[in-house]
Every structure is written in C-alpha cells, then in structure tokens.
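Asks: got a predicted structure here, sequence first:
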Amino acid sequence: MNSFFAMMSRMKYIDRWALMRNSRQENLSEHSLEVSMIAHALAVIGNSCLGKNLDSQKAAVLGMYHDATEIITGDMPTPVKYYNKQIKDTYKDIEHQAAHTLLSMLPDSMRDAYRGIFEKQEEDEYLWKLVKAADKLSAYIKCIEEEQAGNREFTSAKEMALNHIRKLQLPETELFLEYFIDAYGKNLDELTGGEV
C-alpha cells in the first residue's frame, strides 16, 4: 500500500499557532500553500529584479512540502522547539525520521524524485533559504491578519517575525516586503478598487 498522498491530505488536520488565541485558525495545508506561493515569488524576484537564475518552480515545490513532516510530529510551537540546543537537535532528528517514514510511503520508482524534497541537497541551499524566508513571511502575514481582526495576541509575534526576516538578509525578502506587504492590511474593496 502506498499511502504517501493520503498522508499529505492530512495536512489540513494539523493546526498551527497552538499556544496563541487565534481569531481564525490556520492549518498546515493552508500555510504550506502560502509558503509555496511566496517561495516561488521570492525566486521570481531574484530572477527578474536581481539578475539571478533560480528555479522558481522547485522553490514552490520545496515550499509546498517544507513542513510535511508535521503530519507525523505535529506542529511544535517555536518557543518550545528552540528552547535549547538539546531540544532543537532532538526535534531535528525526529523530523529526519518522519521524512524517511513519509518517503517510505511512496513506490520505490518514485522515491528518488521526492528524496530531494525531504532530504536537503547542497545544490538547493539558496532555494531552502528562500523557503525559510517564505515561512517567516507567512508567519508575519498571519500576524498582520490577526492584528487586523483586533487580536493583540500576535503583536509581539509580528515584531519577532519581522526581525527574523530582516536577519536573513536576503534581498528577495526586502523586495517582497516593499512590493507586497502593505496590501495585506487592506480590505477587499481596497484591494480591488470596489470592482469585485
């Protein structure tokens, strides 16, 4: 039995931000789609604005699966995951085992095609940096949306997410912030000019 895609479909059952009061719950499936779209956009920005030659489609796929191991591990809250080096290293080992478990759910003939998604390849190092940035941008966007809904629970998380983004020092993220982030604070009529 090959249960890989049945497992992937379970992303929708993994809730994020478990330690925070949410005005709207976000699941892993939604988050992964957003990270995939942003990672793709960051690679496109790198190519079109910064003269790079990045594989934007691969960036999107890496973003799509970047947290897939959480189907097995669950979403560990960031303050717990990074509490100390021992917990961080142990969790990395658990994620590694979960990735192998997911790969084993594919037919042998397909595993090599997915191995580069679940086992980081050296040639994709910069794409993984963009995925990490996309993940942080997604968190920042979630914080903006929660604040817009009047939820002050995310105020300090928003500040921390922006600090993480800035520390990455990626020109693609700075351009994404410049080009796109202000729109996340607008309502539908403002976004469309009242045309919808």
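Replies: Everything's here; your move. Remember, it's a predicted structure, so these values are computed and weren't measured experimentally.

Asks: any regions of the protein where pLDDT drops low?
Replies: Residue ranges of the chain with pLDDT under 70: 76-83, 196.

Asks: for the residue nearest to the spatial centre of the chain, list the residues it contacts.
Replies: The chain has residue 135 as the residue nearest its centroid, 3.2 Å off, counting by Cα atoms, centre = their mean. Listed by Cβ atoms under 8 Å, 6 or more residues apart in numbering, the contact set of residue 135 reads 35, 63, 66, 67. All C-beta spots, glycine's among them, are computed from the backbone N, C-alpha and C.

Asks: taking those residues together, which two end up most distant?
Replies: Spatially, the most separated pair among the contacts of residue 135 is 63 and 67, at 9.3 Å (Cβ to Cβ).

Asks: these two: who's more crowded?
Replies: Set side by side, residue 63 and residue 67 show more neighbours around residue 63, with 30 against 21, by other Cβ atoms under 10 Å.

Asks: the more buried one and residue 129 touch, don't they?
Replies: No. In this structure, residue 63 is not within contact of residue 129 by Cβ atoms under 8 Å, at 11.9 Å.

Asks: I'd like the next helix or strand past the helix or strand harbouring residue 116.
Replies: In this structure, residue 116 sits in helix 108-118 according to DSSP states H and E. Next along the chain after helix 108-118, taking DSSP H and E as the criterion, comes helix 125-148.

Asks: for that following helix, buried residues please.
Replies: 126-147 (16 or more other Cβ atoms under 10 Å).

Asks: number of residues surrounding residue 167?
Replies: Residues near residue 167, counting by other Cβ under 10 Å, number 9.
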